[in-house]
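Q: Here you go, sequence then predicted model.
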Amino acid sequence: MKQVVHAYLLMQNPRDQAEGSHQITSGDMAIGVILVSQTVAGVLGNSCLLYNYIVLYFKSYKLKHMDWILMHLIVSNFLTLLCKGVPQAMAAFGFQCFFNDFECKLLSYLHRVGRGVSFGSACLLSVFQVITISPEDAIWTILKKKAPKCISSFLYLTWILSLLFSIVSLKYMSAKLCNVNNTNLKDLGYCSSLSFDKTAEVLHAAHVIIPGAVCMFFMLCSSGSMVLILHRHRQRMEHMIRSNIFPRSSHESRATQTILLLVSTFVCFYTLSTLLTICLNFLVNLTWHLVSIHAIFSMCFASVSPYLLMRHGSSTSIHCFAWVNYQKS
């Protein structure tokens with residue numbers, strides 16, 4: 001009988017239950033303002049970058065391989081901001097029963113797809129960078145010739161894997177039932193999540209951690225290699241200066257700044273987001289503030305990354321490749 005009532009409530013439009021379902025406090029208002037500000041800033045920053053690429057494309061400018069990776073990263077940022085920031089901000093302002101069952105599943109699915117593509121694009125960005133600026137020896141020369149041809153295949157593979165891995169969210173996400181006390185559901189603000197048994201919790205945690213951990217491992221390794229290559233490059237430049245040769249070194253410093261900022265920002269925010277995701281997975285009684293903090297950290301990289309790229313990069317690609325092109329010219 002309880003299952004029939006639960007199914008019936010899910011079929012109803014949750015908007016009918018929205019009024020009077022949540023008392024807005026000053027803390028909720030503050031969280032809502034933060035989420036709205038974060039979402040608007042992120043959408044504007046990513047829109048500026050995407051607009052630049054669209055203009056360049058229609059002006060018949062040949063985009064580089066790095067530009068295509070960044071475009072996919074921008075799209076994943078939009079999915080994260082719109083599918084997480086907007087509904088979470090609505091929940092903070094009292095619209096906690098606004099979405100029906102299908103809408104909740106779709107929002108959760110698209111957010112997880114965006115998160116997966118963000119991991120894959122950032123990983124591919126880092127690996128492609130280290131191949132591009134690597135020294136001219138036999139192994140790196142072969143990789144430099146093959147890497148550009150594989151960029152599109154890896155980007156498509158990232159999308160396919162993200163679409164497949166995110167299907168699991170369709171199973172346990174459901175609409176939030178206001179004025180109904182159900183111990184089998186976890187309150188996530190704008191939607192609800194089914195509670196797991198211990199085995200399912202461990203499997204779900206592994207499903208969340210392992211793909212991101214693999215991407216972060218490759219990203220940290222490649223970024224460490226880039227820092228080492230750039231450090232050797234700086235030593236050569238210092239030797240040339242001592243020999244009364246004055247090369248341009250600004251590109252190298254910009255390269256180091258961009259690499260360290262992007263990698264440290266990505267690893268920092270997504271590590272915190274993953275840890276909070278695990279907490280939400282294992283905790284039974286979730287607090288609204290914990291759910292909101294998780295949403296804020298989940299969107300941090302998507303909000304900050306376009307401004308890092310605009311501040312430390314050009315309109316078409318990151319400055320860390322300018323000094324490489326300068327060396328070859």
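A: Alright, I've got the coordinates.
Q: could you point out the longest helix in this protein?
A: Ranked by number of residues, the top helix in the chain under DSSP state H is helix 198-242.
Q: and it, what does it pack onto?
A: Counting contacts by 3 or more Cβ pairs under 8 Å, 6 or more residues apart in numbering; DSSP states H and E, helix 198-242 is packed against helix 101-132, helix 138-165, helix 250-282. C-betas here are computed from N, CA, C, even on glycine.
Q: Tell me which other helices or strands the second one touches.
A: Going back to what we said before, that points to helix 138-165. Contacts defined by 3+ Cβ pairs under 8 Å, 6+ apart place helix 138-165 against helix 65-80, helix 101-132, helix 198-242.
Q: Apply 6 Å and report the result again.
A: helix 65-80, helix 101-132 (3 or more Cβ pairs under 6 Å, 6 or more residues apart in numbering; DSSP states H and E).
Q: Give me the angle between the longest one and helix 138-165.
A: Orientation check (axes from the mean of the first three to the mean of the last three Cα atoms, to 10 degrees): helix 101-132 against helix 138-165 gives 180 degrees.
Q: helix or strand for the residue nearest to residue 92 when sequence neighbours are not counted, which one?
A: Closest residue to residue 92 apart from its sequence neighbours, by Cβ to Cβ, 6 or more residues apart in numbering: residue 32 at 3.4 Å. According to DSSP states H and E, residue 32 maps onto helix 26-58.
Q: the bottom helix or strand of this protein by mean pLDDT?
A: Of all helical and strand segments in the chain, the minimum by mean pLDDT, DSSP states H and E falls on helix 322-328, at a mean of 40.
Q: quick one on the thing from earlier: show me what contacts the residue nearest to residue 92?
A: Counting by Cβ atoms under 6 Å, 6 or more residues apart in numbering, residue 32 touches 89, 92-93.
Q: low pLDDT regions in this protein?
A: By pLDDT under 70, the low-scoring segments of the chain are 1-23, 136-140, 177-184, 196-197, 233, 236-257, 259-260, 312-329.
Q: Skipping adjacent residues, who's closest to the residue minimising distance to the centre of it in space?
A: In the chain, the centroid-proximal residue (Cα atoms, centre = their mean) is residue 118; its distance is 4.1 Å. What sits nearest to residue 118 in space, not counting adjacent residues and going by Cβ to Cβ, 6+ apart, is residue 76, at 4.2 Å.
Q: Can you give me every residue that contacts that neighbour?
A: 114, 117-118.
Q: sorry, back to before: so which of the helices and strands packed on helix 198-242 gets nearest residue 288?
A: helix 250-282 (11.9 Å; Cβ to Cβ).
Q: what element comes up after the closest one heading to the C-terminus?
A: Past helix 250-282, the next helix or strand by DSSP H and E is helix 288-312.
Q: hmm, who's touching that next one?
A: 31, 38, 41-42, 45-46, 49, 77, 80-81, 84-85, 88, 188-189, 254, 257-258, 261, 265-266, 269, 272-273, 276.
Q: ok now it, how far from the chain's centre?
A: 8 Å (Cα atoms, centre = their mean, to the nearest Å).
Q: which parts of that helix are buried?
A: By neighbour count on 16 or more other Cβ atoms under 10 Å, the buried set for helix 288-312 is 288, 291-309, 312.
Q: Kindly report the same for stretch 95-106.
A: 95-101, 103-106.
Q: Kindly report the same for stretch 56-69.
A: Buried, per 16+ other Cβ under 10 Å, within stretch 56-69: 65-69.
Q: for these, which one is nearest residue 141?
A: Proximity of those to residue 141 (Cβ to Cβ) peaks at residue 65, which lies at 16.8 Å.
Q: Wait, that closest one touches residue 152, no?
A: No. Using Cβ atoms under 6 Å, residue 65 is not in contact with residue 152, being 8.7 Å away.
Q: What does residue 100 show for phi and psi?
A: phi -90, psi -180 (degrees, to the nearest 10).
Q: whoops, I mixed them up, residue 193
A: phi -130, psi 140.
Q: same deal with residue 62?
A: phi -80, psi 110.
Q: Could you measure from it over to residue 310?
A: With distances taken as Cβ to Cβ, to the nearest Å, residue 62 is found 21 Å from residue 310.
Q: next one: residue 67
A: Counting by Cβ to Cβ - residue 67 and residue 310 are separated by 14 Å.
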